[in-house]
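[1] okay, predicted coordinates and the sequence, questions at the end:
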Amino acid sequence: AVADAVHACATDGWCIDLQYKPTDTPFVQAARAAGRNAVNGTHMLVAQAIATFRLWYGDDVRLDGGIVPELTALVEAP
C-alpha cells in the first residue's frame, strides 16, 4: 500500500504526507528511499495557521519572518 502510493508520486514531483507526527512517517521514509522528494504535513499545518490568523485579525497584521520556524518547532516538538 505505501509502496503503491510512493510510485503514484511523479518522480520529479513531491510526495506529501499530511500527517505531521511522527516527523518521518512510513510514507515519507518510503518515498525518500525510492528517491522521491518527500515532506510531512508540518508545512501545510503552519501555512494554515498563518492564513487562519490573518482571517481572524486582518491581512494588515505583520507576522515576523521568524514565525514559520517557531510554529514549525512547536508542531515538531515531542
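    That came in fine, so what should we check first?
[2] now for Ile16: which residues touch it?
    38-41, 44 (Cβ atoms under 8 Å, 6 or more residues apart in numbering). Every C-beta, even on glycine, is put in place using the N, C-alpha and C of the backbone.
[3] buried subset of the residues you listed?
    38-41 (16 or more other Cβ atoms under 10 Å).
[4] picking that back up, let me know the closest of the contacts of Ile16 to Leu55.
    Distance to Leu55 across these (Cβ to Cβ) is lowest for Met44, with 16.1 Å.
[5] quick one: contacts of the strand or helix carrying that closest one?
    Using DSSP states H and E, Met44 maps to helix 42-57. Outside of helix 42-57, the residues within contact range by Cβ under 8 Å, 6+ apart are 16, 18, 20, 23, 61, 63, 67-68, 71-72, 75-76.
[6] show me which pair in the residues you listed is furthest apart.
    Among the contacts of helix 42-57, Thr23 and Val61 lie farthest apart (Cβ to Cβ), at 28.8 Å.
[7] what about the strands in this structure?
    14-16, 37-39 (DSSP state E).
[8] in CSV, list those along with mean pLDDT and distance to Ala49.
    Compiled in CSV, the strands of the chain are given as follows (pLDDT from 0 to 100; distance: least, Cβ to Cβ, whole Å):
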stretch, mean pLDDT, distance to Ala49
strand 14-16, 94, 17
strand 37-39, 95, 16
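[9] closest to Ala8 out of those?
    Proximity to Ala8, assessed across the strands of the chain by Cβ to Cβ, is greatest for strand 14-16 (8.6 Å).
[10] follow-up on the earlier one: now the strands of the chain as JSON lines including distance to Ile50?
    Formatted as JSON lines, the strands of the chain follow (distance: least, Cβ to Cβ, whole Å):
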{"stretch": "strand 14-16", "distance to Ile50": "18"}
{"stretch": "strand 37-39", "distance to Ile50": "17"}
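[11] closest one to Asp4 among the ones you listed?
    Taking the strands of the chain one by one with Cβ to Cβ, strand 14-16 is closest: 12.0 Å.
[12] give me the sheet partners of that closest one and which way each runs.
    Sheet pairing of strand 14-16 (DSSP bridges) gives strand 37-39 (parallel).
[13] quick one: the partner strand to chain centroid distance?
    9 Å (Cα atoms, centre = their mean, to the nearest Å).
[14] perfect, I'm done here.
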